[in-house]
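>>> No letters, just coordinates:
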Ligand code: GDP
């Protein structure tokens, strides 16, 4: 991919799209095309079609999505399935119709069955029932993968699908209720420390296993895919670190980073979700990509960002 190529990063105001935008700029991509939601609503097909016809991007990185933690997925499942289906349908179709040379579609490893063999391989897709708490989101993303692959098969669209594990990093959503576990717990541990509280509440049992990928590692994988991976009907890749951790261990690491020394209390009225979500990224690793940001370092950098920006956190 030529660095003068016109690359549309959809979702650049979000955690993932923002990291990709920064990374592309650092790498010298000089013709990025960006639109805020107020300028173009991706859930409206006419707006997307007009944008593609006028701007003619050569590559598209589709990082725009409605996302959230376990509770937001459950509470707002209608919003999650509608917005994600609309956004990806409009963007993938417009990309094909306007001759885009490369499309990167971002999903999530929650597309895999709840009880998929671990670590989870790409082959596990559609082999069993999904985790109910995020089924609406997962089904939308599965439809996106299928659409990208069907367009690759029927129309020759050069599409690569990346399925990252749980993400974290600066500019995340730190909402106490709706965010993912890492930013939500970091925010709560910070408030508990400030209030001199004696405990921190952690949802569920603390036993679920997750894997945490720094968003800059995902941005690195996205640029790797843009430049080096040939898309096609089978171009589906997990993106992970190869390191897994229990929610209890995560909470302990967060407390240490934040400097909160009270006890952990587990709230069993909240759902655990999938018992273990650990990706097998060997398909992508075999092409020469690997995550490089150590968890401790990423966690500290995320907390520093939180401290510097806590007065301007996202509202929802
Ligand atoms: P998931 O990976 O799709 O299940 O999404 P989350 O990041 O929201 O949750 C991961 C795990 O962390 C689940 O087992 C949650 O019950 C647990 N968890 C513990 N405390 C929290 C919290 O404060 N917020 C969230 N979102 N999850 C929490």
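Now that the structure is in, tell me what you want to look at. As the structure is a computational prediction, the values presented were derived from the model and not from experiment. Numbering: from 1, shown residues only.

>>> all contacts plus neighbour counts: C-alpha atoms, from now on.
Will do.

>>> For stretch 214-226, buried residues please.
Buried residues in stretch 214-226, defined by neighbour count with 16 or more other Cα atoms under 10 Å: 214-223, 225-226.

>>> Please flag which of the residues you listed sit within helices.
Among the buried residues of stretch 214-226, the members found in helices (DSSP state H) are 215-223, 225-226.

>>> Closest one of these to the ligand?
Nearest to the ligand among those, counting by Cα to the nearest ligand atom, is residue 215 at 14.2 Å.

>>> Just give the number of residues close to residue 244.
By the criterion of other Cα atoms under 10 Å, residue 244 has 18 neighbours.

>>> Can you verify my assumption that it contacts residue 213?
No - using Cα atoms under 8 Å as the test, residue 244 is too far from residue 213 to be in contact (10.1 Å).

>>> any residues in contact with both of these two?
By Cα atoms under 8 Å, 6 or more residues apart in numbering, residue 244 and residue 213 have no common neighbours.

>>> just the ones in helices among the buried residues of stretch 214-226 now: which is nearest residue 59?
The closest of these to residue 59 turns out to be residue 226 (Cα to Cα; 8.1 Å).

>>> Hmm, residue 102 and that closest one touching each other?
Yes - between residue 226 and residue 102 there is a contact under Cα under 8 Å: 7.0 Å.

>>> Return the helix or strand in the chain with minimum mean pLDDT.
helix 70-75 (a mean of 94; mean pLDDT, DSSP states H and E).

>>> any idea which helix or strand comes after it?
Proceeding N to C from helix 70-75, the next assigned helix or strand is helix 77-97, under DSSP states H and E.

>>> That next one packs against which elements?
helix 45-55, strand 59-62, helix 135-155 (3 or more Cα pairs under 8 Å, 6 or more residues apart in numbering; DSSP states H and E).

>>> which stretch among these comes nearest the ligand?
It is, among the helices and strands packed on helix 77-97 and with distance given as Cα to the nearest ligand atom, helix 135-155, at 9.7 Å.

>>> in that closest one, what's buried?
135-145, 147-152.

>>> what's the neighbour count on residue 286?
9.

>>> Look at it and report its pLDDT.
Residue 286 is assigned 98 on the pLDDT scale.

>>> For it, give its distance to the ligand.
26 Å (Cα to the nearest ligand atom, to the nearest Å).

>>> distance of that residue from residue 238?
For residue 286, the distance to residue 238 (Cα to Cα, to the nearest Å) stands at 12 Å.

>>> Contact residues of the chain facing the ligand?
Taking Cα under 6 Å from any ligand atom as the contact definition, the chain meets the ligand at 69-70, 179-181, 184-185, 202-204, 208, 247, 271-273.

>>> Please convert the buried members of these into ChimeraX selection syntax.
Listed next is the ChimeraX selection for buried residues among those, using 16+ other Cα under 10 Å:
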select :69,70,179,180,181,184,185,202,203,204,208,247,272,273
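
>>> What about the residues of the chain next to the ligand, which are in helices?
70, 181, 184-185, 247.

>>> Mind putting the residues you listed into TSV with distance to residue 259?
Below are those laid out as TSV (distance: Cα to Cα, whole Å):
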residue	distance to residue 259
70	26
181	18
184	16
185	13
247	18
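
>>> pretty sure residue 124 contacts residue 110?
No - look at residue 124 against residue 110 with Cα under 8 Å: they stay out of range, at 11.3 Å.

>>> More neighbours: those two, which one.
Ranked by neighbour count (other Cα under 10 Å), residue 124 and residue 110 place residue 110 first, with 23 against 15.

>>> Contact partners for the more buried one?
Residue 110 sits in contact with 131, 134, 138, 165, 277, where contact means Cα under 8 Å, 6+ apart.

>>> What count of nearby residues applies to residue 2?
11.

>>> And stretch 262-282, end to end?
39 Å.

>>> where does the stretch 101-250 of the chain dip in pLDDT?
Within the stretch 101-250 of the chain, no stretch has pLDDT under 70.

>>> Without its sequence neighbours, what residue ends up closest to residue 108?
In space, and not counting its chain neighbours, residue 108 is closest to residue 163: 4.4 Å by Cα to Cα, 6 or more residues apart in numbering.

>>> ugh, wrong one, I meant residue 248
residue 206 (4.5 Å).

>>> can you pull the contacts of the one you found?
Residue 206 neighbours (Cα under 8 Å, 6+ apart): 246-248, 266, 272.

>>> Just flag the most distant two among these.
Applying Cα to Cα across these, the maximum distance is between 246 and 266, 13.0 Å.

>>> Out of the helices and strands packed on helix 77-97, the one nearest residue 74 is which?
That would be, of the helices and strands packed on helix 77-97 and by Cα to Cα, helix 135-155, which comes in at 8.4 Å.

>>> same for that closest one, what does it pack against?
helix 77-97, strand 102-106, strand 159-164.

>>> which secondary structure elements does the next helix or strand along the chain from the last one contact?
To tie it back to what came earlier, the one meant is strand 159-164. Next in sequence after strand 159-164, counting helices and strands by DSSP H and E, comes strand 166-168. In terms of contacts (3+ Cα pairs under 8 Å, 6+ apart), strand 166-168 is packed against strand 212-214.
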